[in-house]
Structures are given as C-alpha cells and as structure tokens.
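[1] curious how this folds, go ahead:
(2 chains)
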There are 2 protein chains.
Amino acid sequence: MDPQEEQTKKPSKKDLAKAERLRRKQELAAASAAAAGVSSVSIDETDPLASNYGDIPLIELQSKSIASEKWTEIGKLGEKLKDESVLVRGRVHSIRAVSKKMVFVVVREKGCTVQCVLTVKPEKISLQMVKFVTNLNKESFVDVYGVVSVPENALKATTQQVEIQVSKIYCVNKALPTLPINIEDAARSESEIEAGLQAGEQFVRVNQDTRLNNRVLDLRTPANQGIFRIQYQVEKVFRRFLEDEGFVGIHTPKLMGGSSEGGSAVFRLQYKGGVPACLAQSPQLHKQMSICGDFGRVFEVGPVFRAEDSFTHRHLCEFTGLDVEMEIKQHYSEVMDIVDRLFVAMFDDLKQNCQKQLEAVGKQYPFEPLEYLPKTLRLTFQEGVQMLKEAGVEVDPLGDLNTEAERRLGQLVFEKYKTQFYILHRYPLAVRPFYTMPCPDDNAYSNSFDVFIRGEEIISGAQRVHVPEFLEERAKSCGIDVKSISTYIDSFRYGAPPHGGFGVGLERVVMLYCNLNNIRKTSLFPRDPQRIAP
Amino acid sequence: MDPQEEQTKKPSKKDLAKAERLRRKQELAAASAAAAGVSSVSIDETDPLASNYGDIPLIELQSKSIASEKWTEIGKLGEKLKDESVLVRGRVHSIRAVSKKMVFVVVREKGCTVQCVLTVKPEKISLQMVKFVTNLNKESFVDVYGVVSVPENALKATTQQVEIQVSKIYCVNKALPTLPINIEDAARSESEIEAGLQAGEQFVRVNQDTRLNNRVLDLRTPANQGIFRIQYQVEKVFRRFLEDEGFVGIHTPKLMGGSSEGGSAVFRLQYKGGVPACLAQSPQLHKQMSICGDFGRVFEVGPVFRAEDSFTHRHLCEFTGLDVEMEIKQHYSEVMDIVDRLFVAMFDDLKQNCQKQLEAVGKQYPFEPLEYLPKTLRLTFQEGVQMLKEAGVEVDPLGDLNTEAERRLGQLVFEKYKTQFYILHRYPLAVRPFYTMPCPDDNAYSNSFDVFIRGEEIISGAQRVHVPEFLEERAKSCGIDVKSISTYIDSFRYGAPPHGGFGVGLERVVMLYCNLNNIRKTSLFPRDPQRIAP
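    Below is the predicted model:
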C-alpha cells in the first residue's frame, strides 16, 4: 500500500489526535505553570543584579538544553582548585546570616560540605541577593557559581580547606520550610549531645523510629552516606574475590512452590492459579541444584525473607544474603579456606579503600577497628566448650551455644588469640540442619562451622550430604517428612559431587565490622515485624 | 564458681549426654553403611589390581582427610600437559566399550570433556577394571588418574587435542542408571537432529518443558553452561562500568506495604500482623528515594516480580532487574549517554571475554553476532514513526508501538544504519508512566526512551518528575488516586534533584544478544504463570 494513500485516507483520526494533543498540551502547560508557581519567590525585579540569583523555573529543568557547563563535586574541592571558577550543585545544609550584607551558606553533596560566602559588593552582590540566600529553605538544591578560596581559619564544613566566594546562586529545587528531621540533629553523636547538655544546650535526639519513618532525610547524614558505601564495598570485594576464584554469580528464584523447608517462618502467598507458594528463606535448595547443574562454584547476592517474630537488634524480615556453594574435593576445610581468605581480603580492603567512610561512621558512632589475624583462627566446637568451661561457663557439649555464651567465648578468644574474627567448627550434628554432613570419625559432630565477628555469629556453613539415600535417612531421623522435600532430594539422584557452602548476611557484616548497635542502621529501608514502610 | 566443682556436680546430665551420643553414633553408622551399600558394586576381590578402581565409600568423602592431591580442571587440559600425570574429577559423559579389553570413557566437567582410555595391560589394567568402567552409570562422578597423551586423530570431545591414558579410576558418586534426560540429546542442535533424520537416525528431541522439569540435568549442556556464564559477565560489566562512573550499588526492599502502583499484576501477601503487602514490581520508588537520600547515582541488581498472565516467549513472573537512577544536571541525554557507553562496553567485553561460551551457545542455537555502532544511534519517536510511515506502516503518532511495529522499525533501522542496537526517545507522554517528565517544548511528548536489540524492547528509561506538586498533577490527570501514592510523592518534598534512570531485564539482554527464542532459556530456574518449580 502506498503510504501517501494511507495517510490521506484517515484524516478524521489524525484530526482527532491533533485536537487531543492540543488539549493535553494546554492542560499540562497549566499544571506546569501551577507547579512552577509553588516554587517561585518574589524577587525584586528592580535589582539590576537579579539575573545572578533566583529560582530556576521548572521548564529549564525539563531537559531544555543539553548540559554545557561542568559541575564540580563538592567532595572533590580542594586547595589545588584555589582561585578557580567552579559550579557546584548541592543542598542548603545551613545558613548563617552575619548581617543584611553578609551570609554564609554551607552546601552539602553526598555528605560532604563546603562553605559558600556572599558579601554585598557593588555590581556583584546586591542586598536582595543576600536576602534571597538568607531565606532559602534548608535541604533545597542550589547551583552555586563562584571562585574557590582558602580561608585563614579552619571551617565547620567537611571540605574544610576551601570555601567558595559566590558570584551567582540559583535554587534548583525547594524543600518544605519545616522538615521532620533536621540533618544536623540526625548527624550528631551521643557524646556531642552529652557535651551539649553539660554546656546547657539541649540538642534534639532523633530516635531510631523517627529516623526510619523519614529515611529519605536520615540517609543524608555523613554516617549513613558512609555506611551504605561501605556496604557496597563489602559486596564488591565479595564478588571480585569469588570471581577470581572461579565462582560464577547466579540468580535463583525467590518464589517457591509449596512451603519452604522449616515452614514456620515463611511468608506465604498465592501463586498464579491459586497455587500455594512462599518466599525463599535462603537460596539453599537452588544453589545446591546449581552445583548439581555443573557450575562447580557459585555465589549469589540477593534478598532473603524471614517471617520470624524477632524483635532483636540483629534480626530483619528481609535482608541481603551473600551465599556461596562449591564442590569439595576432599574436606570441608576447603570451604573454610575460602571464608578465611575472602574475609581477610575484605577487611584489608575496607581499611584501605573506605577510610573516609569509616571515619564518617566513627565520628557519629565511635568504634574500635576490628582486630583480625592474617590467617584466621580455627577452633573446634569442643575446644570452644573447653575454653568456656575453663572460664567457669558450663554449656551442653552437644547443644548449641546461646548468644550469651557466644559473646563470652568471643571475649575469651580475643584475650587469648588477639582476634575478633574466628571460625568455630565441628558443631554437634544435632544442632545443625538435616542436610549437614556428619563427621567421619564421630557422628555426634558435623562438618560444619560458624564464624564470629566481635562475638556475634555472622556466617554459617557446612559440607552437605550429597548422597540421596543418606539424605533421606538424615531427614527421617530429624523428623522431617521426606515427601515434603522430594524435589530437594531428587536433585541429587543424577550424580552429585561432594559439596559445601556458607551464607552471610550483608547487613550483619557491616553492622559488626563498624560495631553498630542495630541492624536497622545497615539496611537501606529496613523490614522488621513492625515495619514495612517506607 | 570453680569449673571443676561444676563439672563434678552434674554427673547424671553428662552420662545422659554420653548415652545419647552413643545411640546417635550407632544410628548414624547404620544409616551411613546403608547409604554406602546402595552405591557399592561387586568387585572381584581376587583381582590383584582391585585397589586401582572401585567405588569410593561415603566415609572417605565425609572430609576424612584434607586434600593432599591436586585436581586438574578438564577445561584446562591441553597439549602442554603431554606425558604429565594428572587427576581429574568429572562426570561420566559417555562410555564406548570397544571390546572386553578396551573401553573409552568421556569425562565431562562444566561442559568441557576429555576422552579417557583403558586397555588391558598386565600388572596395570585388569579385565575387571575395564568391566567396572564399562558398567558405570552415565552422569556419575569419577576421579581419574592417568597420563595425558596426544592422539593422532581428532576426538569427539571438546578438549579435543588430548586424551588421558587411565591408570586408576574411582566412582565418587553414582547417578541413577536411567535418567529423565540424556545430556547428549539435550545438547543437540536442530540441524543435527534434522541431519540425523535424513541419515535415517531418529534422535530424541527434548522439549522445553521436559528440560525445565529436569533443569538440574538440562543445565549441564555446553550451551547452558555458556548462557549462564555469559549472563554473569553481563552483570559484571554492568557493575564495573557503573562503579567506575561513581554509582553505588544498593539493595531495596522487595516487600512493600499496601499494593504497589499499577496494582493489577502484583503478587499480594499478608505481612506480619495481617498487614496487606505485595512484592515489588520494580525498585522504582526506592531507587528514586535513594536519590533523594543523597546517593547521587545508584544501581541495583535484584529480583522483580510480575504477576502478569503473559504466556509469551519474553515474559517471566520473576526476573532479574538491572536498575539505574541518577541525578541529572540538565538533560535526560545524560542518562542515555550512560546507556550508550555501558552497552557498547558490554558488547565489546562479551566478544572479547566470552568467546568460548558464545561458541558453545551458537553450536546448539546458531545466531549471527549482534551488529552495533561504537556510538549508539538515537532516533526520536517522531523519526521512528516517519520511517515506519515511509515503509507503509501507519501507526498512531501519539500512541505506543506494538511488538510488530517495533520489529519492523528494527529492520528498517538495520537496513538504513547497520545497527541492531539503538535508542528511540521522546516517546508520547500519554504512553509513559505518570512520573515521566514531559518535554519542555511539547507536552505531548516526554523525556523518555526505549532501547532495542534486534527489534525487541530491552530498556525503558526517562527523566522523572521531581517536583511534588507537579507529580500530583500528573498522577491526577492519569486517573491515579494521589492518596494511594502519598509516600512516593512525599519523598520529594524535602528537596529533590532533577533525576532520571532506566531498567533492564538481565535475562532479556542475554536472550536477545544470543538471539535465543525463549526467555526461559536465560533464566536459571524460570517462573512463569504455569511454572513455580523446580
């Protein structure tokens, strides 16, 4: 068909479209103007310097022109830029009007700040311009043009060496005048609050729930900026180390048919067609299946769902699991070797590459750097029980350690071996999942391990039973209905190599590394039994 | 308390524990023996060479001793190892008994194979040993000791240059004698099946459902080994490119309160305390909140849940989303620049680093390499509509393109610009989500884009509306109840920078890059409206 012909055939449809388009355009123009109106301020139109400041209208921010200017990151400002003209975009962190003729505005980007100075000067800075800046709402975004200068005395901003002598300043986006959290309050340490009290100043203490209810504001503190950059660094080192060791990253499904093993604490839902389903409590089944699928060594970073009613400082209903599974040639120590080298590499890396972030965290939440050995200490469970016994703590030699005993053992290990990171292995079989391989020399124990940071369990791992008949036996003797886990068991019937692995909670690694008191601090938008928002 | 005293005080408890321990030990020993029995074969005990072959008892694989031997990966065998003694562990891929005195066994590891040869020799290889190997079940794991030799004629194994002259061979783990899928059948290409038919040989064609029902076997084919290694490489390049560009990886929650925006296709569940919840259909809300939380540039790799009844070759109910969100200084082309450079870097990298894997995929599923330009082509939606019109395809200039029109446009673009990867931008506003920023010069269009590979949409991105009042207006005019999305809108009230981003489906990238016909081929354990297992 001739396209021209087609075109002329349907004039009515085209006309309709055109009319509709016009209608929409008018509607949107009105809405756009209304929106712009909300963020406009009254500027003295008689000021000959009026073009040097003011609100940028929305239309200019709707991709009107391709960026021709160069923005400098506030975190990258320094003395070597002295006397250079720069343009920065950031938030109004604080404003201090010295007089009607002079104002200091601290501008913040990604937790880093710089002080910007405006002083009335003929033909450069008008009284109205100083007033405009003085009246800006905190947390609003501004574009600041100016020249970098090096002041004589140190400043209260994180980028302390330099300040900006402002020539132009525009408001990009306006925050509400009253915020539910003041960032300066949210960023204050306990000791600063105490010191304030002693000096007669009552600072606002922002509690955990208020922070989480207003997470978008809370995340802006230097400590939180640090925490989540450290968190990604942990993941990055985890991935790179394992990639180099021949592991391949996988993605296993989070939607599972039926109810997952250990069914009590799962989130249940209806799948398509009303089929009962639940959310994966761990990638255990599928990572083992991937080993049976010949990937040799696999890892996964992904969400893990636990519907437990745990109201503790270290439990979440959704967290990020770092999971590893690998073929074993002869001994589960091959898995512990990976744990050992991986975490030592991680701790070394953090020290080297996250210094600024660790300092930012430590400034608000002071902590002692983690003590660890270049070759990670390994103790057997029996040795641990013996150490506790010698310290007067009696525990069941074939039971599990409770949190208190774990902490005590952590102290004893630190005193004796000078490390806050160690592996405890050969756990009693009875306290491990049914798929854990028993020890060859003593069936009361198992080829399993836990790893501790500062006395808290952080990793759990083991050799798995890879022989389906033996797996059935183990399930039965643990009182598990073999039928309910037949898919799991069947995946080992077509040839399965000896294998093992471990799982780590990303949030817990960061929490314990930085010795933070609550796991909610290391989850971007935490989910616990009482919180599913924001 | 004196620990010694404590110890003597509780003799009865200890005795009980000891008794229980003994009972368990006996029970497990019995189970272990039973399990070992299942996998044992009758070996001629009178054979003086009996120690050179046989089944490894389970107890030996329970981490009895730390690995002292060195295993060589089959994929790393080559001519430079000629005359060297090696030990390999792999699966019995196929067995060809030439006579009672000679047998060839092809051993496979991670999709790579090597032929192993046993010929009866006095004091080295017995008749019984050849018989043992001949009777091994396919897919069983074996440890093979032998010397690398270079045969005169090429072999049918992937590691074609060398074979192993076997001295010892042990079965590590036994597969069932009959498998639901034969790996050789599962690995055959359509053209091999056709060629077989013409030659009078009827090969088994393994259909998609049988493959997925037995995914643990299906994953073992060289093509599947290749697909999932390519998939991880895609993710790896995605991460590294963005890390280098100052992005930080984040993890947003998958459990959402209420019902997500666009509520029809969400999986609903009850959260703790009976609170209604659903699974995130995308990290849209939280990645934008992270921008408001001052992370500047973020990305996420994580599961995305869609309860849609889409029975197509390219839809899944759960897939891996690659999501990006970033501050924009002036123009949404800043986002397209990232897409452009990221994907060109990815395609270049795959060509360079996944050659073997791409060949393995292509051998079973032949495809032409993707044609792309060093600087990605950008067309406006209007230009695309015009190209279609000129080719005789009339489409609504303010509507969306249907799949057919997208494919046709892909062909036209390929003919004119010699690229199968391009960006189409400035989509009509009416066909994009309410949070899409309208164009500044024409409100009928939006600052948005889609990206296509081989004529199929793979990426969707845009500048977002960052002004809360305007966002409300847009929601209302799209008929959305503003109250239902108040959390979303409120997050922009405390200062929000102009920003934009995009989302990609990992499985779709691999599917289209390799021109595969079904997205289930690129999902490790796919979930669709009719499948939630294994």
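[2] which residues of the stretch 1-150 of chain A score low on pLDDT?
    Applying pLDDT under 70 to the stretch 1-150 of chain A flags the ranges A:1-45.
[3] residue ranges of the helices in it, please?
    With DSSP state H, counting those that start in this stretch, the ranges of helices along the stretch 1-150 of chain A come out as A:3-9, A:11-38, A:127-134.
[4] and the residue nearest the centre of chain A?
    Centroid-nearest residue in chain A, with CA atoms, centre = their mean: A:F228, separated by 4.0 Å.
[5] element containing it, please.
    Using DSSP states H and E, A:F228 falls within helix A:222-244.
[6] what's the next helix or strand along the chain from that helix packed up against?
    Toward the C-terminal end, the helix or strand that comes next after helix A:222-244 (DSSP H and E) is strand A:248-249. Judged by 3 or more CB pairs under 8 Å, 6 or more residues apart in numbering or on different chains; DSSP states H and E, strand A:248-249 is in contact with helix A:222-244, strand A:297-305, helix B:222-244. Every C-beta, even on glycine, is put in place using the N, C-alpha and C of the backbone.
[7] roughly how far is strand A:248-249 from the heart of the chain?
    Remark: strand A:248-249 is offset 21 Å from the chain centroid, using CA atoms, centre = their mean, to the nearest Å.
[8] go on, stretch A:357-373?
    Put simply, stretch A:357-373 sits 17 Å off its chain's centre (CA atoms, centre = their mean).
[9] give the buried residues for the top strand by length along chain A.
    Among the elements of chain A assigned as strand by DSSP state E, the one spanning the most residues is strand A:85-99. Residues of strand A:85-99 classed as buried: A:V86, A:V88, A:R89, A:G90, A:R91, A:V92, A:H93, A:S94, A:I95, A:A97 (neighbour count, 16 or more other CB atoms under 10 Å in any protein chain shown).
[10] next, the angle from that strand to helix A:127-134.
    Here strand A:85-99 points in a direction 90 degrees away from that of helix A:127-134 (axes from the mean of the first three to the mean of the last three CA atoms, to 10 degrees).
[11] circling back: measure the residue nearest to the centre of chain A to chain B for me?
    As for A:F228, its distance to chain B is 7 Å (criterion: CB to the nearest CB, to the nearest Å).
[12] how about A:N207?
    Distance, A:N207 to chain B, using CB to the nearest CB: 19 Å.
[13] re earlier: so which other helices or strands are in contact with the helix holding A:F228?
    So helix A:222-244, by 3+ CB pairs under 8 Å, 6+ apart, packs with strand A:248-249, strand A:297-305, strand A:318-327, helix A:333-353, helix A:355-364, helix A:506-513, helix B:222-244, strand B:248-249.
[14] buried ones in it, by neighbour count?
    A:222-242.
[15] using PDB, write down the CA coordinates of stretch A:382-398.
    Below are the C-alpha coordinates for stretch A:382-398, written out as PDB (Å, rounded to 0.1, in the frame of the first residue of the first chain):
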ATOM      1  CA  GLN A 382      34.900 -28.900  71.500                       C
ATOM      2  CA  GLU A 383      37.800 -26.500  72.100                       C
ATOM      3  CA  GLY A 384      35.400 -23.700  72.400                       C
ATOM      4  CA  VAL A 385      33.300 -25.600  75.000                       C
ATOM      5  CA  GLN A 386      36.600 -26.300  76.900                       C
ATOM      6  CA  MET A 387      37.600 -22.700  76.900                       C
ATOM      7  CA  LEU A 388      34.200 -21.700  78.300                       C
ATOM      8  CA  LYS A 389      34.400 -24.500  80.900                       C
ATOM      9  CA  GLU A 390      37.800 -23.300  82.000                       C
ATOM     10  CA  ALA A 391      36.300 -19.800  82.400                       C
ATOM     11  CA  GLY A 392      33.500 -21.200  84.500                       C
ATOM     12  CA  VAL A 393      30.800 -21.300  81.900                       C
ATOM     13  CA  GLU A 394      29.200 -24.700  81.600                       C
ATOM     14  CA  VAL A 395      27.400 -25.400  78.300                       C
ATOM     15  CA  ASP A 396      25.900 -28.600  76.900                       C
ATOM     16  CA  PRO A 397      28.800 -30.100  74.900                       C
ATOM     17  CA  LEU A 398      26.300 -31.400  72.300                       C
END
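[16] hey, where'd the strands end up in the stretch 101-250 of chain A?
    Assigned by DSSP state E, counting those that start in this stretch, the strands in the stretch 101-250 of chain A fall at A:102-109, A:112-119, A:141-149, A:163-173, A:248-249.
[17] so which of those strands comes closest to B:P122?
    strand A:248-249 (44.9 Å; CB to CB).
[18] who does that closest one pair up with?
    According to DSSP bridges, strand A:248-249 forms sheet pairs with strand A:297-305 (parallel).
[19] what's the average pLDDT for the partner strand?
    On average, the pLDDT along strand A:297-305 is 98.
[20] ok, now stretch A:420-440?
    Across stretch A:420-440, pLDDT averages out at 97.
[21] what about it, near chain B?
    Yes - counting by CB under 8 Å from any CB of the partner chain, chain B is contacted by stretch A:420-440 at A:L429, A:A430, A:M437, A:P438, A:C439, A:P440.
[22] from these, which two are the most distant?
    Greatest spacing in these, by CB to CB: A:A430 and A:P440 (17.1 Å).
[23] and these two? which has more neighbours close in?
    Between A:A430 and A:P440, counted using other CB atoms under 10 Å in any protein chain shown, the more crowded position is A:P440 (19 against 16).
[24] contact partners for the more buried one?
    A:P440 makes contact with B:I59, B:E60, B:Q62, B:S63, B:K64, according to CB atoms under 8 Å, 6 or more residues apart in numbering or on different chains.
[25] put the buried members of those into a PyMOL selection.
    Per 16+ other CB under 10 Å, the buried members of these correspond to this PyMOL selection:
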select buried, chain B and resi 59+60+62+63
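[26] between the residues of stretch A:420-440 next to chain B, which is nearest chain B?
    Checking these against chain B by CB to the nearest CB gives A:P440 as the nearest, at 3.9 Å.
[27] which one is A:S68 nearest to, not counting chain neighbours?
    In space, and not counting its chain neighbours, A:S68 is closest to B:Q330: 7.9 Å by CB to CB, 6 or more residues apart in numbering or on different chains.
[28] ok, how many other residues are close to that neighbour?
    Counted with other CB under 10 Å, B:Q330 comes out at 18.
[29] can you check the one 3 residues further on too?
    By the criterion of other CB under 10 Å, B:S333 has 21 neighbours.
[30] what of A:K356?
    By other CB under 10 Å, the residues close to A:K356 number 16.
[31] find the nearest non-adjacent residue to it, please.
    Nearest to A:K356 is A:G226, by CB to CB, 6+ apart, at 7.5 Å.
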